[in-house]
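S.K.: dropping a prediction and its sequence here:
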Amino acid sequence: MSTETRFYCNSKALNPAERAAHKELTDRLIAARRKITEATDGYEFQFDASAISFPDLANWSVAEAKCCPFFDFHLDLENSGGALGLRLTGPVGVKPFIRLEFAVPAK
């Protein structure tokens, strides 16, 4: 019996219009990142709250969860909306997938 974890994206989870909107929002999130912190089981991203709203981040997470059900999403809204964060985690081995899919720069 294999214990290997496989990561996959369900390409049929979103219709073409939803996929296009999700791609646009993903690009906005990547552009609005201000800080990336590596965690043992994933990454934490801090965003410019003037460029991305909490509802944007929540909507992105809901759509991403449909495509990639192996992720765990942890959303943070602090300082009266001035600090916005996402901790993206998952099973062992997910970090390389996150680095690739979310354009995490090499150290």
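M.R.: Noted; the coordinates are in hand.
S.K.: so Phe45 touches Leu84, yeah?
M.R.: No. Using C-beta atoms under 8 Å, Phe45 makes no contact with Leu84, being 9.1 Å away. Yep, even glycine has a C-beta here, placed from its N, CA and C like the rest.
S.K.: tell me the SS of the residue most central in space within the chain?
M.R.: Closest residue to the average C-alpha location of the chain: Leu88 at 5.6 Å, with C-alpha atoms, centre = their mean. Secondary structure, DSSP: H, G, I helix; E, B strand; the rest coil: Leu88 is strand.
S.K.: would you map the strands across this protein?
M.R.: For the chain, the strands defined by DSSP state E occupy 33-39, 42-47, 72-78, 83-89.
S.K.: could I get those as a markdown table with distance to Leu14 and mean pLDDT?
M.R.: Conversion of these to a markdown table gives the following (distance: least, C-beta to C-beta, whole Å; pLDDT from 0 to 100):
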| stretch | distance to Leu14 | mean pLDDT |
| --- | --- | --- |
| strand 33-39 | 22 | 95 |
| strand 42-47 | 21 | 96 |
| strand 72-78 | 16 | 93 |
| strand 83-89 | 18 | 94 |
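S.K.: could I get these in JSON lines, plus columns for distance to Trp60?
M.R.: Formatted as JSON lines, the strands of the chain follow (distance: least, C-beta to C-beta, whole Å):
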{"stretch": "strand 33-39", "distance to Trp60": "13"}
{"stretch": "strand 42-47", "distance to Trp60": "11"}
{"stretch": "strand 72-78", "distance to Trp60": "9"}
{"stretch": "strand 83-89", "distance to Trp60": "8"}
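S.K.: then the top helix by length along the chain to CSV, C-alphas only?
M.R.: Secondary structure of the chain per DSSP state H: the longest helix is helix 16-32. Written as CSV, here are the backbone C-alpha positions of helix 16-32 (Å, rounded to 0.1, in the frame of the first residue of the first chain):
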residue,chain,number,x,y,z
PRO,A,16,-14.9,28.7,-18.3
ALA,A,17,-16.2,32.1,-17.0
GLU,A,18,-15.5,31.1,-13.3
ARG,A,19,-12.0,29.9,-14.3
ALA,A,20,-11.2,33.2,-16.1
ALA,A,21,-12.4,35.2,-13.1
HIS,A,22,-10.4,33.0,-10.8
LYS,A,23,-7.2,33.4,-12.9
GLU,A,24,-7.7,37.2,-12.8
LEU,A,25,-8.1,37.2,-9.1
THR,A,26,-5.1,34.9,-8.6
ASP,A,27,-3.0,37.4,-10.6
ARG,A,28,-4.3,40.2,-8.5
LEU,A,29,-3.5,38.3,-5.3
ILE,A,30,0.1,37.6,-6.4
ALA,A,31,0.6,41.2,-7.4
ALA,A,32,-0.8,42.4,-4.0
